[in-house]
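> Predicted structure and sequence below. I'll ask about it afterward.
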Amino acid sequence: MTRARSLAVLGSLCLALGCAGVKPNATGPGTGASTGNGGSGNTTGTGTGGTNPPPSTCNGSCADFSSTPVVDGSANGGSAATIFGAAGSGNSSGGPCIFEPQIGTLFPNNWLRPRFSWAAPSGQTLFELRLHAANQANDLVVYTTNSTWTLDQTTWTALALHSQDMPITVTVRGASANGGTPSAGAASSFTIAPVAAQGTLVYWSPSGSTNGGTTGIIGATLLSGFSVGDDQTNPVLVPSDVKTTWETPDQGWNVRNASEGGAAVSCIGCHTSTPDGSFIGFNDNYPWGGVITSDEMATLGTPPPFMNAGGKAAFSQPWVGIQTYSANHWANSDHIVVAPLGTSGNDTDQQPGLAWFDLESTTAPLPAGQSSFNTLKGTAWNWIVPPMSGAFAAAPSWSHVQGNDFIVYTATSNVKSGRMGTGTAHLYKVNYSKTTAETPAPIPGDGSAIANAQYYGTLSSDDAFIVYDQISANTAAAEHTDMNSSDAAGSTWSGMYMQPAAELFVIPTAGGTATRLAANDPPQCPGQLTSPGINNTWGKWSPLASSGGSNGNTYHWIIFSSWRQGMKDASGDPIAQLFMTAIVQPEVGPIQTYPAVYLWNQPANVSNFTPAWDYFKVTIIIDQP
């Protein structure tokens with residue numbers, strides 16, 4: 001049976017630049033929350049969040065955990081109980097190392113039900129998993145021969161209702177199935193927040209290598225997604241869903257004209273939600289022109305009804321970079337896209353400024369041979385920040401809150417195929433204007449510190465914070481090893497592209513001292529990779545900062561991708577996977593950051609990255625027996 005389900009999803013995301021990477025050429029582990037600099041900024045837009053009922057107490061101790069052990073895999077409950085005996089008996093060390101959950105993680109109270117996983121020393125084939133919460137009458141005890149176990153939805157829903165804001169400890173003991181003394185590993189713990197998360201997560205999951213498939217593969221791009229709490233991920237959009245052709249270039253650079261007839265979309269690169277959730281904006285295949293299409297079932301793949309010929313011609317120019325939208329400019333007579341626009345004929349050095357594009361521009365289709373860049377400037381598009389040598393525009397993020405009207409973007413010395421290349425990069429802020437070019441200013445403090453490169457900055461839903469990638473300036477200025485075996489021998493990647501050294505930081509939008517996220521560091525079990533070196537990148541905020549509980553905290557959630565699982569595809573590229581983390585802002589004092597939660601519902605053997613988290617009206621088709 002097939003059923004359709006509507007979802008609210010997405011925000012700004014990009015493969016840096018998705019298909020633009022596929023030219024025809026080629027805080028310490030174990031500490032829980034860490035603290036950082038607090039933000040100052042408008043907090044309008046925060047809310048209670050979520051769909052769960054408010055936290056409640058039990059009449060006495062809670063009975064959410066079963067009073068009898070759960071037996072899983074090929075374990076024998078009776079013999080397992082005999083082998084493990086009372087809680088805490090046996091050796092206090094030498095047992096399994098817990099991967100999930102990492103100690104100190106924080107879950108929204110409507111999140112994907114927790115999975116528990118561990119690595120065991122040789123000879124340990126039988127395991128006891130034990131969960132303990134202070135207000136629960138019983139510990140939850142699981143006997144299993146597997147190295148993973150996932151909490152059932154009924155128990156998770158009850159636990160998330162009754163046991164918020166308290167540590168839930170996780171211990172795993174291992175033993176031989178034939179008997180012997182059990183051994184414990186170091187305990188872990190997690191906490192359930194008094195708020196829910198909202199929206200849907202949508203991400204790029206291409207076939208082929210991490211940078212979008214090997215040269216010559218067309219249509220290998222796919223958006224996948226799931227709503228908060230879903231066990232299952234599903235396809236969202238593929239190029240063939242886009243029913244309308246988009247104009248293609250003439251022999252000359254920056255030429256668009258109606259006589260060319262147009263071509264079918266062959267790639268989904270940078271992809272972005274519109275504020276109403278009704279459309280997806282993205283970049284098509286080389287030369288990276290912009291496309292915008294409906295994501296709703298009845299009109300899937302069709303352009304917006306308000307888009308006119310001038311807007312389409314301007315938006316589909318070559319060298320359009322990562323797009324961003326704002327609810328402040330998404331209404332009748334004011335449907336605006338902001339994106340970088342290249343000004344060079346050389347895709348390896350695009351030299352873009354930051355531009356606005358008016359999708360409603362009624363300028364007639366261009367005569368053959370005329371340039372959208374020249375002919376439509378001032379009517380269908382124009383500069384917010386003109387190209388500035390050594391500080392070209394990339395990766396913008398537009399403010400969300402009513403009354404705010406500014407853009408945070410990366411000013412970089414080199415833009416290649418719409419992404420940061422090899423050179424310098426710092427975070428800048430500029431006011432939006434459709435009438436005059438504006439003067440940008442660097443984000444003060446760590447957002448523009450010359451010792452580092454700061455890029456892919458994204459504003460939180462309340463505009464108070466920016467999450468961004470950071471590497472050293474020396475690393476950004478040097479090419480690094482191309483890991484894809486299908487590329488020519490000796491090939492290199494740009495300094496800021498697919499960069500293993502990338503780590504995530506958060507800074508107040510007003511500037512100041514940045515906070516390195518605790519989520520950069522994976523659990524430290526034997527053989528585990530460490531950061532820097534695992535490309536923690538592309539942080540995107542949840543669509544609502546939620547206030548809840550009695551503690552006065554504001555909760556932000558972030559999704560990002562990382563290579564920390566250590567898997568590689570057939571080409572040698574690391575397989576990226578998605579992780580969630582929390583940023584908590586107390587009423588007084590510095591922000592707190594937390595270790596990462598793995599999204600176990602994603603395919604582990606497919607590279608999933610450049611995620612977004614927002615409201616979208618896409619419809620996912622789910623095939624069920």
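Yep, that arrived. This structure is a prediction, so every number in the text was calculated from the model and none was measured.
> if you go through the stretch 151-300 of the chain in chain order, where are the strands?
Here the stretch 151-300 of the chain has its strands, by DSSP state E, counting those that start in this stretch, at 168-176, 179-184, 188-192, 200-204, 223-227, 234-237, 271-273, 279-283, 290-294.
> hang on, Pro114 packs against Trp156?
Yes: contact criterion Cβ atoms under 8 Å: Pro114 and Trp156 qualify, at 6.8 Å. Where C-beta positions appear, they are placed from N, C-alpha and C, glycine not excepted.
> of the two, who's got more company?
Pro114 (24 against 21; other Cβ atoms under 10 Å).
> Distance of the more buried one relative to Asp152?
11 Å (Cβ to Cβ, to the nearest Å).
> do Asp569 as well
Going from Asp569 to Asp152 by Cβ to Cβ gives 33 Å.
> Could you do Thr144 as well?
In terms of Cβ to Cβ, Thr144 sits 14 Å off from Asp152.
> So which of these two has more stuff around it?
Thr144 (20 against 11).
> got a list of what the closest residue to that one other than its chain neighbours touches?
Spatial nearest neighbour of Thr144, excluding adjacent residues (Cβ to Cβ, 6 or more residues apart in numbering): Asp72 at 3.8 Å. Contacts for Asp72 (Cβ atoms under 8 Å, 6 or more residues apart in numbering) come out as 142-146, 149.
> Let's see that with 6 Å instead.
Asp72 makes contact with 142, 144, 149, according to Cβ atoms under 6 Å, 6 or more residues apart in numbering.
> Neighbours of Ser460, how many?
Going by other Cβ under 10 Å, the residues that sit close to Ser460 add up to 29.
> Report pLDDT for it.
For Ser460, the model assigns a pLDDT of 97.
> residues contacting it?
Counting by Cβ under 6 Å, 6+ apart, Ser460 makes contact with 541, 556.
> I'd like the distance between it and Asn404.
Ser460 sits at a distance of 12 Å from Asn404 (criterion: Cβ to Cβ).
> And the average pLDDT for the lengthiest helix in the chain is what?
As assigned by DSSP state H, the longest helix anywhere in the chain is helix 153-162. For helix 153-162, the mean per-residue pLDDT is 97.
> And it, what's buried?
155-162 (16 or more other Cβ atoms under 10 Å).
> swap in stretch 585-597?
Buried, per 16+ other Cβ under 10 Å, within stretch 585-597: 585, 591-597.
> what about that stretch, how long is it end to end?
Taking Cα to Cα, to the nearest Å as the measure, stretch 585-597 stretches 19 Å from start to finish.
> Stretch 584-598 too?
End to end - Cα to Cα - stretch 584-598 spans 19 Å.
> among the buried residues of stretch 585-597, which are in strands?
Using DSSP state E, the subset of the buried residues of stretch 585-597 located in strands is 585, 591-593, 597.
> Where does Ser93 sit: helix, strand or coil?
Here Ser93 takes the coil state, with states given by DSSP: H, G, I helix; E, B strand; the rest coil.
> Repeat that for Thr68.
Assignment for Thr68 (three-state DSSP): coil.
> quick one: it from Thr155, how far?
13 Å.
> How about Gln470?
39 Å.
> cool, Phe116 as well?
Counting by Cβ to Cβ, the gap from Phe116 to Thr155 is 13 Å.
> In TSV: the contacts of Asp72, plus distance to Ile559.
Putting the contacts of Asp72 into TSV (distance: Cβ to Cβ, whole Å) gives the following:
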residue	distance to Ile559
Val142	28
Thr144	29
Trp149	24
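> Domains in the chain, by residue range?
According to automatic domain parsing, the chain comprises the domains 70-192, 211-237+247-623.
> Please identify the buried residues of stretch 114-127?
By 16+ other Cβ under 10 Å, the buried positions in stretch 114-127 come out as 114-120, 124-127.
> Among the residues you listed, which lie within strands?
Checked against DSSP E, the buried residues of stretch 114-127 include these in strands: 115-119, 126-127.
> Could you work out the most separated pair of the residues you listed?
Maximum pairwise distance in those, criterion Cβ to Cβ, is 19.3 Å, between Arg115 and Leu126.
> which residues does Ala187 contact?
Residues near Ala187 by Cβ under 6 Å, 6+ apart: 169, 171.
> Tell me where this protein has helices.
77-84, 153-162, 309-315, 372-375, 473-476.
> Now tabulate those helices in TSV and tack on distance to Ser333.
Listed next are the helices of the chain as TSV, based on distance: least, Cβ to Cβ, whole Å:
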stretch	distance to Ser333
helix 77-84	68
helix 153-162	45
helix 309-315	12
helix 372-375	21
helix 473-476	41
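> Specify the beta-bridge partners of Thr581.
With DSSP bridges as the criterion, Thr581 is bridged to Ile558.
> Specify the beta-bridge partners of the nearest residue to Leu341 once chain neighbours are set aside.
Distances taken as Cβ to Cβ, 6+ apart place Ala355 nearest to Leu341, at 4.3 Å, with adjacent residues excluded. Counting by DSSP bridges, Ala355 is bridged to Ala339, Trp383.
> Next, count neighbours for Ala355.
27.
> hang on, it packs against Ala380?
No: using Cβ atoms under 6 Å, Ala355 is not in contact with Ala380, being 10.3 Å away.
> who are the neighbours in contact with Glu296?
By Cβ under 6 Å, 6+ apart, Glu296 lies in contact with Lys617.
> Tell me the pLDDT of it.
80.
> could you measure it against Gly572, distance?
For Glu296, the distance to Gly572 - Cβ to Cβ - is 39 Å.
> pLDDT value on Tyr432, please?
98.
> and if you look at the one 4 residues further on?
The confidence metric pLDDT takes the value 94 at Thr436.
> Count the residues that sit near it.
The burial count for Thr436: 10, using other Cβ under 10 Å.
> Same check on Gln232?
By the criterion of other Cβ under 10 Å, Gln232 has 11 neighbours.
> Run through this structure and note the low-pLDDT ranges.
Along the chain, the parts satisfying pLDDT under 70 run over 1-56, 207-220, 247-262, 364-369, 549, 618-625.
> Any idea how far apart the tips of stretch 544-552 sit?
Stretch 544-552 has an end-to-end distance of 16 Å (Cα to Cα).
> swap that for stretch 102-116, please
End-to-end span of stretch 102-116 (Cα to Cα): 9 Å.
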